[in-house]
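K.L.:
Generate coordinates for the sequence data below:
(2 chains)
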Amino acid sequence: MALSGTAVPAVETRDLRRVFKGARGSPEVVALAGVDLRIERGEVFGLLGPNGAGKTTAIKILNTLLFPTGGVALVAGHDVVREAAEVRRRIALVSGGESSGYGILNVRECLWMFSQFYGVPRAEADVRVAHLLAALGLEPLAKTRINRLSTGQRQRMNFARGFVSDPEILFLDEPTLGMDVNAARELREFVLVWVRERPGRTVLLTTHYMAEADQMCDRIAIIDKGRTLACDTPAALRRSVEGGQHVELEVLGVPDGLAEVDGIPVTWGAPHPERGTHTMKLRLADGGRLPLVLRTLDAKGVAVRGVSTRETSLEDAFIAIVGRGLDESEAP
Amino acid sequence: MSGSLAALAPIERRPRHTGARLFVQALLARSYVRLVGSLREPTWMISDAVFPNLGMCGFVLLYRALGAPRSYEALALIGGVLTTYWINVLWGMGAQLYFEKMQGQLQLYFAAPCSRLAILSGMALGGLVITVLRSLVGVAIGVWVFHIQVAPFSPWVLVGVFVLTMVALYALGMTLSSLFLLYGREAWHTANALQEPVYFLSGLYFPVRTLGALGAVAAGILPLTLGTDALRQVVLGPAAHGLLPLGKECLALAGFGALFLVLASRSMAYLEALAKREGRLTQRWQ
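P.N.:
Have a look, this model is predicted:
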């Protein structure tokens, strides 16, 4: 029986599994090997993982586009397999790089068409479409045919489509893929405003951009090889890995074979041929040790031309948890 | 960009989001694409409305040159008019889901709450309305250019038989749309393969009865064959050389319509279930 009400999580998966048959005798592919998630109403929740981690498979299952081969997936308390129609009434999916709509329609007509597929009454649909066009800066393009839009404009229209039915749960699968920096920033801001203004509305975001996840998400699940490796707030994820301060020094006159300073391991970045300097990278468990390091380098005759520091980033946490970066394939 | 939808009231999930109302909304929205699409590209109107009638013109001139009875000219005219519908059913219905898949649209349809049959019905309704406009060009050519004559007939009977034919024909198109996708090859090859044989088996430019046993088999599997024959019987009476009595052909057409609507619904449901099991049927390039 379906559950309802705001106490029910927006999304819940228990031991969610999906195995794809191998094509022509090749071995089967385990896309999800038992994923447990609980996303509360009103959250912006991020799903991060390297290529092939199972993010898109999970999104497809939650959008009723794919059957799981094991476990349970509930959206707004409704089972995605047995109550797919109930789930579809409450969700919308926007994927980066998709090409929704027909080129012959204009932007306003395309948004209206999708509103009708979601049963938005006609008068209400007209108002919503007009507001979305204004809110997303598409008003000047309202009467422009879709086949005459630039990639970025089309992406923006796809984005508007996701909101036209006022979904309870919005799935954004790499929504800013290929967008320019300003457009991506505006759309991120739009989503955050929408969630703030619409209590109980939930966003599940997959992205390749760490900064995007860091800025937008209340909580993030890191998945790899079909399993949830960690799930927490961005701040807590950063804290969960070995912290400290990351220091980069631009140095001149480095003695050969320098691999550590005061017992702290050093890695080297690319040289700067114009200035004849090198970039020395090290991580200090305690920021107070930096003056000591600088004094030691001075004693060794190394001239420091520049210093920059940063805290542990979400990317550092991701690499520590997964063992590789978002775009790196697994080591052979 | 103002970035806020605060002025909008949230949409409540009332029952209006489901059932017959949603079906009609989705149907009309999808048919709108067809109507607008054709009207915005006048070149489509020319290629779809004029060119298919050239075959009909050729046959009318041939019958005239051979001194065939004048009823044969009307027979070719009806066949020519129905050609435009068959082209629309094949390319605008049968191949359409494949094209939707290649555009990445099919997945969005499968994630939407409306009935998939509503989407197909919308394609059918929009295609039918536009094709009626196109086919009127053929009628105009027949009446005003060739002065083709027909026997007195009841327009109501004509409309009734036409509606039965169209329901059967477009329901077949709805079924083909799923089957083309399931077949997995590029849809235009399948559509091409079906185009000419069906022209022949439907006797579009000659009396179906002259096909003999083959005509009877064709009438048993193709609504276009029966529809062509039935419409000729309405317009030409005995001069149509009808295959079966008109009443029986109408009953068979109604049966075809019901059968293909059920098949369309079932094949679409099967297609969707298969897509969810295999995870690739609705995906572009797979």
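K.L.:
Determine which residue lies closest to the centroid of chain A.
P.N.:
Central residue of chain A (CA atoms, centre = their mean): A:Thr207, 2.6 Å from the mean position.
K.L.:
Quick one: residues contacting that one.
P.N.:
A:Thr207 makes contacts with A:Gly46, A:Leu48, A:Leu172, A:Glu174, A:Pro175, A:Thr176, A:Ala213, as judged by CB atoms under 8 Å, 6 or more residues apart in numbering or on different chains. Backbone N, C-alpha and C define where each C-beta goes, glycine included.
K.L.:
JSON lines for these, including neighbour count and pLDDT?
P.N.:
Output for the contacts of A:Thr207, formatted as JSON lines (neighbours: other CB atoms under 10 Å in any protein chain shown; pLDDT from 0 to 100):
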{"residue": "A:Gly46", "neighbour count": "26", "pLDDT": "96"}
{"residue": "A:Leu48", "neighbour count": "31", "pLDDT": "92"}
{"residue": "A:Leu172", "neighbour count": "27", "pLDDT": "95"}
{"residue": "A:Glu174", "neighbour count": "20", "pLDDT": "89"}
{"residue": "A:Pro175", "neighbour count": "26", "pLDDT": "87"}
{"residue": "A:Thr176", "neighbour count": "22", "pLDDT": "85"}
{"residue": "A:Ala213", "neighbour count": "25", "pLDDT": "92"}
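K.L.:
Tell me how many other residues crowd the residue nearest to A:Ser165 when sequence neighbours are not counted.
P.N.:
Of all residues not flanking A:Ser165 in the chain, A:Tyr118 sits nearest, at 3.6 Å (CB to CB, 6 or more residues apart in numbering or on different chains). By other CB atoms under 10 Å in any protein chain shown, the residues close to A:Tyr118 number 24.
K.L.:
Read off the pLDDT value for A:Ala331.
P.N.:
Predicted confidence (pLDDT) for A:Ala331: 39.
K.L.:
about what we covered before: how near is the residue nearest to the centre of chain A to chain B?
P.N.:
To chain B, A:Thr207 is 19 Å away according to CB to the nearest CB, to the nearest Å.
K.L.:
Closest one of the contacts of A:Thr207 to A:Lys21?
P.N.:
A:Glu174 (25.8 Å; CB to CB).
K.L.:
which residues in chain A form helices?
P.N.:
With DSSP state H as the criterion, chain A has helices at A:55-62, A:84-88, A:107-117, A:122-135, A:151-163, A:181-197, A:210-216, A:234-240, A:290-299, A:314-322.
K.L.:
among these, which is nearest B:Gly242?
P.N.:
helix A:107-117 (42.9 Å).
K.L.:
ok, and what's touching that closest one?
P.N.:
A:100-102, A:105, A:122, A:125-126, A:128-129, A:132-133, A:138, A:141-144, A:146, A:149, A:157, A:160-161, A:164-165, B:25-26, B:28-30, B:32-33, B:36, B:108-109, B:112-114, B:119.
K.L.:
Mean pLDDT lowest where, among the helices of chain A?
P.N.:
Looking at these, the bottom one is helix A:314-322 with a mean of 83.
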